[in-house]
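from the sequence below, what's the structure:
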Amino acid sequence: MRTQIIIFFITFVIGCQSMFGTAPAMAQNKQGTIYVKSTPPGAMVQFEGASTYVGVAPFKLRAGLHGNYKIYAFKSGYEKRKYEYFFAGTENGLLKIRLNPKTRFKAFVRSMVFTGWGQIYSERKTYGLFLNLLQIGSIVGSVLALNDYHQAVDEYDQAVDQYQANMQFYHLRNEYWVQVVRKHQRADDLYEKSRIWLWASAGIWLYNVLDSLFFFPSFDKEMFDRSLPAVSAGYRDGTSTVTLSIPLNNL
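Numbers count the residues shown, from 1 in each chain. Take a look at the predicted model:
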C-alpha cells in the first residue's frame, strides 16, 4: 500500500511538472497585438524585416512580428526617425513614436554649412538642388576665371621681361611695349571677371542662407488630421502576406 502511494505521488509530481513546463512555451507562441501611436498623430510608420507593414498612426498590427525589424516614421513638417528593434513574436502593447518638428533655425544652420541643404530639409527639394547646382556652377566659374587671370599675369610678366631685355634695340622696343600694354589690359579684364564670379558665388550662398531663414514653409496645415486604414503587402516565410492597418481614433 505504501509503495502504491509513493508511486502515485511521484507520477503526480512528474505530471504537474510536465503541465507547468509547457505553459510558458504556449504563451510565447501566442501572437499579440501591437498598437502603434505617433506624436503627432498621422505619421506614416513602416516596418521592414521578414515582412513589410505600413500604416498611418494610430493603427494596430494583429500579426505577431518576429526577428530584427527596421522601423521608419515620417510626416510632413517633421524629421524622419529610424529605429531598430528585435521582436520576439509575443509583444502585446503600445509602441509610441515621437517625431521632432522641423524648425527655421535648423534649416538656417544647414544652409550655412551646405548650399541648398536647408531647402531640402524644409521639403523644398527641387529648389534646394537648383541652388546647389547654381552654387557649384559659380564655384567652377570662379576657379576657371582665377586660373585664366593667373595665366594672364604670367604672360604679362614675360612680356615685361622681353621688353626690358630689348630696350636697347629701338626698332624692337615699341613692338615689345605694345605687347606689354596688351597683356596688362588682358590681365585687368580677367581680374574683373574673376571678381564677378567670386561675388556671384558669395551672393548665391548668402541668398541661400536668407531664403532658408525668411522663407521657411509653414507646416501648420496637416494632410492627415485623421488616421486612414492602410493596406501593406510583404513576403514572409515563402508566403505573400497582406495586412490591413486599422485606425484607432480612441487611442
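
how about residues contacting stretch 164-175?
Here stretch 164-175 makes contact (Cβ atoms under 8 Å, 6 or more residues apart in numbering) with Tyr163, Tyr176. The C-beta positions use only the backbone N, C-alpha and C, and glycine is treated the same way.

next, the distance between the ends of that stretch.
When the termini of stretch 164-175 are compared using Cα to Cα, to the nearest Å, they are 12 Å apart.

what about that stretch, average pLDDT?
For stretch 164-175, the mean per-residue pLDDT is 77.

next, the buried residues of stretch 198-208.
By neighbour count on 16 or more other Cβ atoms under 10 Å, the buried set for stretch 198-208 is Leu198, Ala200, Ser201, Ile204, Trp205, Asn208.

and that stretch, C-alpha only, in CSV?
As requested, the backbone C-alpha atoms of stretch 198-208 are provided in CSV (Å, rounded to 0.1, in the frame of the first residue of the first chain):
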residue,chain,number,x,y,z
LEU,A,198,33.5,85.4,-56.8
TRP,A,199,30.8,87.9,-55.9
ALA,A,200,28.2,85.8,-57.7
SER,A,201,29.3,82.7,-55.7
ALA,A,202,29.1,84.6,-52.4
GLY,A,203,25.8,86.1,-53.4
ILE,A,204,24.2,82.7,-54.2
TRP,A,205,25.4,81.4,-50.8
LEU,A,206,24.1,84.5,-49.0
TYR,A,207,20.7,84.3,-50.8
ASN,A,208,20.5,80.6,-49.9
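
from the middle of its chain, how far away would it be?
Offset of stretch 198-208 from its chain centre (Cα atoms, centre = their mean, to the nearest Å): 25 Å.

ok, residues contacting that stretch?
Applying Cβ under 8 Å, 6+ apart, the external contacts of stretch 198-208 come out as 111, 115-116, 118-119, 131, 134-135, 138-139, 141-142, 146.

give me that answer again for 7 Å
Ser111, Thr115, Gly116, Leu131, Leu134, Gln135, Ser138, Ile139, Ser142 (Cβ atoms under 7 Å, 6 or more residues apart in numbering).

likewise stretch 187-195?
Applying Cβ under 7 Å, 6+ apart, the set of residues contacting stretch 187-195 is Ser142, Ala145, Leu146, Asp148, Tyr149, Ala152, Val153, Tyr156.

can we see that at 8 Å?
Stretch 187-195 is contacted from outside by Ser142, Ala145, Leu146, Asp148, Tyr149, Ala152, Val153, Glu155, Tyr156, using Cβ under 8 Å, 6+ apart.

after the helix or strand hosting Asp154 comes which helix or strand?
Following DSSP states H and E, one finds Asp154 within helix 125-165. Sequence order places helix 170-214 as the next helix or strand after helix 125-165, per DSSP H and E.

quick one: the helices in the stretch 1-150 of the chain?
With helices called from DSSP state H, counting those that start in this stretch, the stretch 1-150 of the chain shows them at 2-29, 104-113, 117-121, 125-165.
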